[in-house]
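Enquirer: here you go, sequence then predicted model.
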2 protein chains.
Amino acid sequence: MSGWSDSSGTTLDDYTGVYAQRVAGMTASEIRALFAVANRPEVVSLAGGAPYTSALPLDAIGEMLRDLIVNQGAQALQYGIGQGLPELREQICEVMADSGIDAAMGASPDDVVVTIGGQQALDLVARLFLDPGDVVLAEGPTYVGALGAFQAAQARVVHVAMDDDGLIPAALEEAIKATAAAGRRAKFLYTIPTYQNPAGVTLSEERREQVLDICERAGLLVIEDDPYGKLSFGGQAPRPLRARRRDGVFYLSTFSKTIAAGLRVGWILAPHAVRDKLVIATEAQILCPPHFSQYAVSTYLATMPWREQIKTFAQLYSERRDAMLESLADLMPAGMTWTKPDGGLFVWATLPEGMDAKAMMPRAIAARVAYVPGTGFYADGTGQQHIRLNFSFPPAERIREGVRRLAGVIEQEMAMRAVFGSGSGLGTAPSAGTSWPGADNPGLA
Amino acid sequence: MSGWSDSSGTTLDDYTGVYAQRVAGMTASEIRALFAVANRPEVVSLAGGAPYTSALPLDAIGEMLRDLIVNQGAQALQYGIGQGLPELREQICEVMADSGIDAAMGASPDDVVVTIGGQQALDLVARLFLDPGDVVLAEGPTYVGALGAFQAAQARVVHVAMDDDGLIPAALEEAIKATAAAGRRAKFLYTIPTYQNPAGVTLSEERREQVLDICERAGLLVIEDDPYGKLSFGGQAPRPLRARRRDGVFYLSTFSKTIAAGLRVGWILAPHAVRDKLVIATEAQILCPPHFSQYAVSTYLATMPWREQIKTFAQLYSERRDAMLESLADLMPAGMTWTKPDGGLFVWATLPEGMDAKAMMPRAIAARVAYVPGTGFYADGTGQQHIRLNFSFPPAERIREGVRRLAGVIEQEMAMRAVFGSGSGLGTAPSAGTSWPGADNPGLA
């Protein structure tokens, strides 16, 4: 390379030759490209993943923040330490103790690292453990942001099938064997055991122990991502994996769904031996998390009824989940199936055989409804037959209207297929073990 | 590796075999280790780098935040987009336009990416451009957080000498040649041209053009880090590099020193062709920057006298700089030299010949004064004879007291050396081209 790009305004990417190798693996998520159209006001978006921040006590939070800045502004607006505000790390331990991750289980503020939401926690784990070519085992489907973090680390994600009880232990054992047989190294299992994103399912009590046993035998670390565990509709979620084992399990969570996403305050509870390395890694990345957000969260936890507010969110989402499940049952054509979440934000639906959710998207948008096509949640190009539907943000009547529109699109699609057949170019992609829970695992191919 | 660590509480690091290779390069900065002792109230810390947040109009900011959350809380507490709040990116362009980086120079809100302070901007650049073994050219000494980000990317930093007019163009040409001769690839020049951290010097007008020409000829990108450019004491800083060339220059800055560090809001103005990749990289890392901080900064810029507030900071730091320079001149022994900054936060001082700033630290702490030893600002182990002194945070009388204590420590050290010689074990390290501005460059050794 000699010289820079010229000033004539050409759009040529003259930087191609300078990028690091990892840039080749960085591709925009399908969800991102979608949001531009899905956010038009006439579209009912079931594509988001946003909490309903309007349900927050905004006046009280406003007063709280004024007092915070007036009384402690010089500290709250100052640099902090990389690991995060000590008072907040104490409070995070109280929040975790509610879920059984307590001092008896070795949880300590010393081993908590505050992060920029759950995403930075994932990225730090990737940075700490993943060399190019390393394998990560993860549920199929899984959180799209985790795929982004692992792919940025040039790792390979191998999906493990789920059913209505979450991750299938036999499939996990199979994936571990297949990875070893392929001469690759699996570094960890990444799992969202409770109210999974996007599948909406929860790993059962029995399977939690089985999964932990399998990972321990295989020497595989467990990265437990638990953003939704406190958003239970009615029942109580099974205890987190970290509440069952103290060794080999990293626990990641966030205040994005329990307080507010716009604060971007999450955390990792790391094994003690790893904590220092995490702090060094986060300092290289962001120097320190914002004192401003951390003081806000810490003051909120200390002065506001945060447990009651979580119940308010859960009650609201529960009603919206009901609206979604009822209208799906009322309106969807035969051949369509979906999960029935006991908490969280999402329903995962499976289209009738042979249909392609991504190809159907333009027609859904034309019918003023948006969802996320399933392929975004797989690293291996599968998931064509699936869609993710969000019920936390749109009000119940919008959910019903959205499902009504979507049912119309699907029925029309089925009618067209009945007339023109599957070779009509209407969006049928070759199916390769894509049914959910798919047992096939093309991740090592 | 088989099985996890046992539960007996052993502190053995059982994760050693699982870490990614890049972890080997992650070492805690010397500055961090220092802060624990330096922050004791009886110690006068000249070791920090904190802005004086008590000079902010805290009551007004408190009211502003209350109104923001009461009126726009549902948006301000919601997720945002990876690139950052559009209104804020418009305002960032106004802030840059004040420094000559305007629309005529191709600056556009479309090409701004909001980051978690300047540190994440650095980390994103490292992630985008640095493969293991790549070379980064950087001033010697340079910002310790930049060293952390580049080392986390497994890059090698080659220092380029400075003098009172900043980076020496001939030394830059030399370093480019030496890197090529060693068969390595220099990806970019990282430079803080204005009120440099830690050196406190500013690249002169003439040299700015020379440095840009040299880099353009060599096809070397320029990463311009400008956190301090608006903190001028009296005169006006020379225009940034990005105000002179639109191609090949990345401009990084932050509101940490102009508004508040605890917000952690910084940005990159990137060449258009690179912008998309930066957005994907930041989404993999943090999903999106906090709406909460971004709305706070945006509202502050829209409703408060932010230019006047920067003048308030600059006036205050200017008085403290005077206090530091005067007491250094009054109290320091012969053989000691220091820079005379026209802006920013730091003075860079050179101890009398043969002295080692790091070895002297315990005695300085015992005398209740702290500084940062120069070695922290070099990637190659040099810098023993130097110290960084901060004048933005301690009030003038504390600065004078700190310099008085420090002068005593240095005089005692010199007296001991006079009695016992340089082989006394009092902290003399072998000197290897460490005088500032050193022309030697062991970075490729």
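Expert: Perfect, I can see it now. A quick note: this is a predicted structure, and the numbers were derived from the prediction, not measured. Numbers count the residues shown, from 1 in each chain, chains lettered A, B, ... in the order given.
Enquirer: for residue A:272, grab the count of nearby residues.
Expert: A count of nearby residues for residue A:272, using other CB atoms under 10 Å in any protein chain shown, gives 15. Heads up, the C-betas are built off the backbone N, CA and C, glycines and all.
Enquirer: apart from its neighbours in sequence, what residue is nearest residue A:302?
Expert: Leaving aside its chain neighbours, residue A:302 sits nearest to residue A:91 (7.2 Å; criterion: CB to CB, 6 or more residues apart in numbering or on different chains).
Enquirer: show the contacting residues for residue A:39.
Expert: residue A:45 (CB atoms under 8 Å, 6 or more residues apart in numbering or on different chains).
Enquirer: if we use 10 Å, what do you get?
Expert: Going by CB atoms under 10 Å, 6 or more residues apart in numbering or on different chains, residue A:39 touches A:45, A:47, A:48, A:370.
Enquirer: tell me, which of those make contact with chain B?
Expert: residue A:48 (CB under 10 Å from any CB of the partner chain).
Enquirer: ok, which pair from the contacts of residue A:39 is furthest apart?
Expert: Within those, two members stand farthest from each other by CB to CB: A:48 and A:370, at 8.6 Å.
Enquirer: so which of these two has more stuff around it?
Expert: residue A:370 (26 against 21).
Enquirer: ok, and the closest non-adjacent residue to the more buried one?
Expert: Nearest non-adjacent residue to residue A:370, counting by CB to CB, 6+ apart: residue A:38, 3.6 Å away.
Enquirer: ok, now which ones touch the one you found?
Expert: Residue A:38 makes contacts with A:31, A:44-48, A:361, A:364-365, A:369-372, as judged by CB under 10 Å, 6+ apart.
Enquirer: one more pass at 8 Å, please.
Expert: Residue A:38 is in contact with A:45, A:47, A:48, A:365, A:370, counting by CB under 8 Å, 6+ apart.
Enquirer: which members of those occur in helices, if any?
Expert: Members of the contacts of residue A:38 lying in helices (criterion: DSSP state H): residue A:365.
Enquirer: from the contacts of residue A:38, pick the one nearest residue B:304.
Expert: Checking the contacts of residue A:38 one by one against residue B:304 (CB to CB), the nearest turns out to be residue A:48, at 32.7 Å.
Enquirer: ok, residue A:230 to residue A:258 distance?
Expert: According to CB to CB, to the nearest Å, residue A:230 stands 6 Å off from residue A:258.
Enquirer: one more: residue A:286?
Expert: Residue A:286 sits 22 Å away from residue A:258, going by CB to CB.
Enquirer: which one's more surrounded, these two?
Expert: Using other CB under 10 Å as the criterion, residue A:286 and residue A:258 rank with residue A:286 on top: 28 against 23.
Enquirer: tell me which stretches of chain A form strands.
Expert: Secondary structure of chain A (DSSP state E): strands at A:44-45, A:112-116, A:135-140, A:156-163, A:166-167, A:186-191, A:221-225, A:249-254, A:265-269, A:337-338, A:346-350, A:369-370, A:372-373, A:386-390.
Enquirer: what is the end-to-end distance of stretch A:215-231?
Expert: By CA to CA, to the nearest Å, the extent of stretch A:215-231 from end to end equals 27 Å.
Enquirer: what pLDDT is listed against the residue nearest the centre of chain A?
Expert: By CA atoms, centre = their mean, chain A has its centre lying nearest to residue A:143, at 3.6 Å. pLDDT for residue A:143: 97.
Enquirer: with distance to residue A:309 and mean pLDDT as extra columns, can I get the strands of chain A in TSV?
Expert: Shown next, in TSV, are the strands of chain A (distance: least, CB to CB, whole Å; pLDDT from 0 to 100):
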stretch	distance to residue A:309	mean pLDDT
strand A:44-45	24	96
strand A:112-116	20	98
strand A:135-140	29	98
strand A:156-163	30	97
strand A:166-167	27	97
strand A:186-191	27	96
strand A:221-225	22	98
strand A:249-254	15	98
strand A:265-269	15	98
strand A:337-338	29	98
strand A:346-350	21	98
strand A:369-370	28	96
strand A:372-373	27	94
strand A:386-390	20	98
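Enquirer: am I right that residue A:141 is in contact with residue A:374?
Expert: Yes: taking CB atoms under 8 Å as the definition, residue A:141 is a contact partner of residue A:374 at 6.2 Å.
Enquirer: what do those two both touch?
Expert: With CB under 8 Å, 6+ apart as the test, residue A:141 and residue A:374 both reach A:198, A:348, A:383, A:386, A:388, A:436.
Enquirer: is chain B contacted by stretch A:152-171?
Expert: Yes: with CB under 8 Å from any CB of the partner chain as the criterion, chain B is reached by stretch A:152-171 at A:152, A:153.
Enquirer: now the end-to-end length of that stretch.
Expert: Counting by CA to CA, you get 26 Å between the two ends of stretch A:152-171.
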